[in-house]
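Colleague: Just need the structure, nothing else, for what follows:
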Amino acid sequence: MRVTDPVMVLTKARTSCEIRAVTEWVSERYPHAEVITSAGVDFDTLPPNTLLVPVRAVWLPAVRQGERRVTLGDVLVLSNPRRPLGVVQPLIRRRRPDSLRVVEGAPATIAELRERYARSQADGAPFGEFVVFQASMSAERAERQIVGDRYKVPRLVAEQISSSSRFRTSAANLAEELGRPTDAVVAEATEKLSTFVATQSRLMDDVFSATFDRLHERAWNVTVDVKNLNTLRTLNKSTGLVFLPSHRSYVDPLVLAKVLRDNDFPPNLVLGGNNLSFWPVGPVARRAGMIFIRRKFGADPVYKFAMRSYLAYIVEKRFNLEWYIEGGRSRTGKLRKPKLGLLTYVVDAVGQLEDADVTIVPTSIVYDQLQEIGAMAAEDAGGTKKPEGVAWLLRYAKAQRNYLGEARVRFGTPISLRTALDDAGEGRARLEKVAFRVMDEINSATPISATSLAGFALLGAQDRAFTLAEIEAILAPLLDYISRRDLPGPDPTQCRGIGLTQTLRVLASNGVVSCFDGGSEPVWSIVPNNHAVAAYYRNGALHHFVDRAIVEVSMLAVAEGVVRAGVEQAEATATDEGVEIHEGLLEASQREALRVRDLLKFEFFFPAKKEFLHRLGTELDLLAPGWRAVVPTQEWTYEVLHGHTGALLARRTLQPFFDAQLVFSTRLVELGTTARDKDDLITDCLGLGRQMSLQGVVRSKDSVSKDLYEGCYQLADIRGLIHGEDIEDVSAARHAWLDEVEDMRKRLARIASIEEIQPGLWSKDTP
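Modeller: Numbers count the residues shown, from 1 in each chain. The predicted structure follows:
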């Protein structure tokens, strides 16, 4: 820029106090500049060398408890410290001179702006509007240097998207497919954009957090993985972050938002179901970054197009996203199968933009206790979910007043979406592979809580009460295993002595377990009909133990001659799978492990087969050091298993899933060759499961579960057992699955019989 080039300072100052502050600032830095507003300026007639300097007057709230933040009290008295009334501005400035700042955005010449306009805007879009918007965005970035990144919010989103050349070109293509006029599709898509685009404001972000943080601040002490947060902060400088958390509670978005806000991250744009958009939550939440979308919109191509365009905009502008890939809260404590719809749209957005990428952040949120588990367990047992509304919110808030322990926020290894897609290869399963990788990372990051281990111990026993010493004896080898695996376990002191008593008392205070202390010493047991609630806590840790459990049942198959050497068949399998497996009985046991894995593939998120077998090798290193140099005879295998009496995990880990499969396969056998509607079949299984539980056939009362029967349905369906596709004799195939499940349950019972160090822990009768 030459000294003689014209300079214009573009400002949105709205009061005499703000204009005075801007004018004083300009007189010091640009003495010969003209101060203008956008109104009445014809930017098309300005010389190309005219330099536009965006300037903004910024009001800052008073410092309260160490930070500048609007409080609920400010709103109640109809005051907004970020936009004070004009009549009080001079008084505020006199009392707090630092409350008004003038910030300067990055200047640009008219010629530079025309180049940007030509690259990004659709034909016919007014140049003046583009200039004003660019100036606003530049001043916004300058303002964030003062207020912090946590107040980074998108502005004029619908206008930007609908005026872009990419939007209009795509709308024209869609209009051609639908046989409709382009203008009509553009208008409808723009209108639908306005129904879900988050219109964020800093005031509403402060109000929302001040109001709704109370739903979790009293209930939990929140802890966070600070080291990984620092890594994410560095990544966020060059790429947008997509947080994909586990979903256990309605407060998950509030807890994560508080963690990110306290660490000065930009606020996430949170995609959520429109079931929570009721008044007063909806209007406030939307202005605080919540994007309420329809649960299902596959039949509305214009809505899909508008959503895809919005996500492409978010990716391009590097705003941070958040949604719950499970599609709803877990009813069992395990991760649910991922929903791929929104991930598909983000993949499409990355594909549309050259060199664009996002970083997926697998996120685990775990609570010591949750008030909502009882309701979720009832739904999982066949109950009806109560609709959300004002009355529901008040009841929920009331239930959150008691202290419930810790809420732990942990982050898995960040994943470049482009790299993950490249690693997944091509084909229909590509997106599923990416999603399963995310779920595996969430599981890996999920910490094991003391309440999980308490549930693991009590549910793994006969339905009776246990002394503190007996529970400690169950947990001691488990804590040793957690330590040797370097798993994210609890403080061991919470699982023994006074700490264990406190853990059990916390569960007792919420009706999960009960204590009888009228005898010589207290005894603890699961409260009748609350096994599903205890299982919820236990299930949050099961994925850490499933590989070990599979090793145990596979080794038992070797020991009892169930698996034969079958070297030739094993070699053929190894070739087909592209993996290397040890020869002989061990090779066959690894094939058995793959078979067990196949039975459980709709319950747990397993890695690719090579990685899976590598993990099993790691488990064998702990179970039987030196196993690679040993011929795995039956005697050797029994010796290994008996040598870990008290530390075998298969029965407690796998029993509920094979009990659920027993009920489901039994019902299929009862149907003969008849097909049945999915919902009716699952309802049948809920009734049959309760019956078999009362009869003592089903050992795990928590296995009577809609979620587990859903997994059974998927397994049966993929095997062709529901409708009999490609199966000559569907009745015989159903019988074969039932026999397979019965064999697994017998194997679990034999493993339980080895647990002689804890007599009475299990009945030794074959189930």
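Colleague: Enumerate the positions of the biggest helix by length in the chain that are buried.
Modeller: With DSSP state H setting the assignment, residue counts place helix 730-754 as the longest helix in the chain. For helix 730-754, burial by neighbour count (16 or more other C-beta atoms under 10 Å) applies to 730-731, 733-734, 737-738, 741-742, 744-745, 747-752, 754. Every C-beta, even on glycine, is put in place using the N, C-alpha and C of the backbone.
Colleague: what about Asn230, how many neighbours?
Modeller: By the criterion of other C-beta atoms under 10 Å, Asn230 has 11 neighbours.
Colleague: just the one 4 residues further on next, same as before
Modeller: In terms of burial, Thr234 registers 8 neighbours under the definition other C-beta under 10 Å.
Colleague: In which helix or strand does it reside?
Modeller: Thr234 belongs to helix 226-235 when assigned by DSSP states H and E.
Colleague: Val9 should be in a strand, yeah?
Modeller: Yes: counting by DSSP: H, G, I helix; E, B strand; the rest coil, Val9 is found in a strand.
Colleague: my guess is it meets Arg56, correct?
Modeller: No: counting by C-beta atoms under 8 Å, Val9 stays clear of Arg56, with 10.6 Å between them.
Colleague: Now tell me what touches stretch 126-141 from outside.
Modeller: Residues from elsewhere that reach stretch 126-141, judged by C-beta atoms under 8 Å, 6 or more residues apart in numbering: 10, 12, 38, 41-44, 52, 54-56, 103-106, 108, 110, 113-114, 116-117, 121, 155-156, 159-160, 163.
Colleague: Helices of the stretch 401-550 of the chain, residue ranges please.
Modeller: 417-424, 430-445, 450-459, 468-485, 497-509, 531-542, 546-559 (DSSP state H, counting those that start in this stretch).
Colleague: Tabulate those (TSV), appending mean neighbour count and distance to Ala624.
Modeller: Output for the helices of the stretch 401-550 of the chain, formatted as TSV (neighbours: other C-beta atoms under 10 Å; distance: least, C-beta to C-beta, whole Å):
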stretch	mean neighbour count	distance to Ala624
helix 417-424	16	33
helix 430-445	20	24
helix 450-459	26	23
helix 468-485	17	13
helix 497-509	17	30
helix 531-542	26	23
helix 546-559	25	8
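Colleague: number of nearby residues for Ala219?
Modeller: 24.
Colleague: ok, which stretches of the stretch 101-250 of the chain are strands?
Modeller: 108-109, 220-224, 240-245 (DSSP state E, counting those that start in this stretch).
Colleague: Most tightly packed of these?
Modeller: strand 240-245 (a mean of 24; mean count of other C-beta atoms under 10 Å).
Colleague: quick one: that one to helix 430-445, angle?
Modeller: Strand 240-245 and helix 430-445 are oriented at 70 degrees to each other (axes from the mean of the first three to the mean of the last three C-alpha atoms, to 10 degrees).
Colleague: Strand 240-245: what's the following helix or strand?
Modeller: Remark: after strand 240-245, the chain's next helix or strand is helix 252-262, criterion DSSP H and E.
Colleague: Now the strand or helix carrying Thr344 - C-alpha only, CSV.
Modeller: Secondary structure assigned from DSSP H and E places Thr344 in helix 341-352. The C-alpha coordinates for helix 341-352 follow below in CSV (Å, rounded to 0.1, in the frame of the first residue of the first chain):
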residue,chain,number,x,y,z
GLY,A,341,-25.8,-41.1,8.3
LEU,A,342,-24.1,-38.0,9.6
LEU,A,343,-20.6,-39.5,9.1
THR,A,344,-21.6,-40.1,5.5
TYR,A,345,-22.4,-36.5,5.0
VAL,A,346,-19.1,-35.4,6.6
VAL,A,347,-17.2,-37.8,4.3
ASP,A,348,-19.1,-36.3,1.3
ALA,A,349,-18.2,-32.8,2.5
VAL,A,350,-14.5,-33.7,2.8
GLY,A,351,-14.7,-35.2,-0.7
GLN,A,352,-16.2,-32.0,-2.2
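Colleague: Just list what the helix or strand following it packs against, helices and strands only.
Modeller: The first helix or strand that comes after helix 341-352 along the chain, using DSSP H and E, is strand 358-367. Counting contacts by 3 or more C-beta pairs under 8 Å, 6 or more residues apart in numbering; DSSP states H and E, strand 358-367 packs against helix 226-235, strand 240-245, helix 252-262, strand 405-411, strand 415-416, helix 417-424, helix 430-445.
Colleague: May I see the buried residues of the third one?
Modeller: Of the residues in helix 252-262, those with enough neighbours to count as buried (16+ other C-beta under 10 Å) are 252-261.
Colleague: Quick check, central residue of this protein?
Modeller: What sits nearest the mean C-alpha location of the chain, by C-alpha atoms, centre = their mean, is Pro245, with 2.0 Å.
Colleague: pretty sure that residue is touching Ser364, no?
Modeller: Yes: judged on C-beta under 8 Å, Pro245 makes contact with Ser364 at a distance of 7.1 Å.
Colleague: which residues are common contacts for the two?
Modeller: What both Pro245 and Ser364 touch, as defined by C-beta under 8 Å, 6+ apart, is the set Ile442.
Colleague: returning to that earlier point: of the contacts of stretch 126-141, select the buried ones using a ChimeraX command.
Modeller: Remark: buried members of those, expressed as a ChimeraX selection using 16+ other C-beta under 10 Å:
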select :10,12,38,41,43,52,54,55,56,103,104,105,108,110,113,114,117,121,159,160,163
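Colleague: Any stretches of the stretch 51-200 of the chain with poor pLDDT?
Modeller: Within the stretch 51-200 of the chain, the ranges that satisfy pLDDT under 70 run 64-80, 121-125, 148-156, 198-200.
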